[in-house]
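*Asks:* Here's a sequence, model it:
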Amino acid sequence: RLNTDFLNLGFPGSALAEEVLAEYIATIPMSVFVFDYDCNAPSPEFLENTHQAFYKIVREKNPDLPIIFASYIGHSRSEEELGKRIEIIKKTYENAKNSGDENVYFVNGQEILKNYDRDMFTIDGTHPNDFGFFCMAFQFAGQSVFQGLGKAKYAITFSLLRKIVIVVPLTLLLPGLGFG
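*Replies:* Residues are numbered from 1 along each chain as shown. Take a look at the predicted model:
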């Protein structure tokens, strides 16, 4: 549907923003880097000590690469901890912007699936399943990225188009087919 290849370097619980991993990722040819390492960091303090350093390694080798900082999409952490983590990621984003990097974007992962039953999208409340990854990609390719790029009017168009093409037909058709 998105007509693009993507590489998911998912390391459930074992990728801890090691310098060698950042150096490896920096060598991979890519058109955009979605940096969503948040869920692997064992604590907000650990995230704070590693997030910006990882970004800097990737940015140094890829000065023109769009980088999307995305926070955790899961629901297995307290609201207080989620808030701390989001602020840490926003800080990396803001520091990059303040240093003149105009090709960085921030997406609050808690906003991606906020209107849905999150258990449908994760295998354990933390790690996305295939459907979760699809929905994340769809959101990154659509509304969230338009807003992150400062093109909110396109986000509204995307949202309305999605409702007209997907939601309304399903709402009308499924009851007639015995689903609802």
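
*Asks:* In the longest helix seen in the chain, which residues are buried?
*Replies:* Identified as the longest helix of the chain according to DSSP state H is helix 79-98. Using 16 or more other CB atoms under 10 Å as the test for burial, helix 79-98 gives L82, K84, R85, I86, I88, I89, T92, Y93, A96. (C-beta placed from N, C-alpha, C; glycine too.)

*Asks:* I'd like to know which of the residues you listed is nearest to V20.
*Replies:* When the buried residues of helix 79-98 are compared for distance to V20 (CB to CB), T92 comes out closest, at 19.6 Å.

*Asks:* quick one: that closest one and K56 touch, right?
*Replies:* No: counting by CB atoms under 8 Å, T92 stays clear of K56, with 9.1 Å between them.

*Asks:* Identify the residue nearest L65 in space, chain neighbours excluded?
*Replies:* Leaving aside its sequence neighbours, L65 sits nearest to F33 (CB to CB, 6 or more residues apart in numbering; 5.7 Å).

*Asks:* what about Y105, helix or strand, and which?
*Replies:* strand 104-107 (DSSP states H and E).

*Asks:* ok so, going back, quick one, which of the buried residues of helix 79-98 has the minimum pLDDT?
*Replies:* In terms of pLDDT, the weakest of those is L82, which scores 90.

*Asks:* What are the contacting residues of stretch 83-90?
*Replies:* With contact meaning CB atoms under 8 Å, 6 or more residues apart in numbering, stretch 83-90 is reached by 38, 41, 44, 47-48, 51, 69-72, 77, 106, 108, 110.
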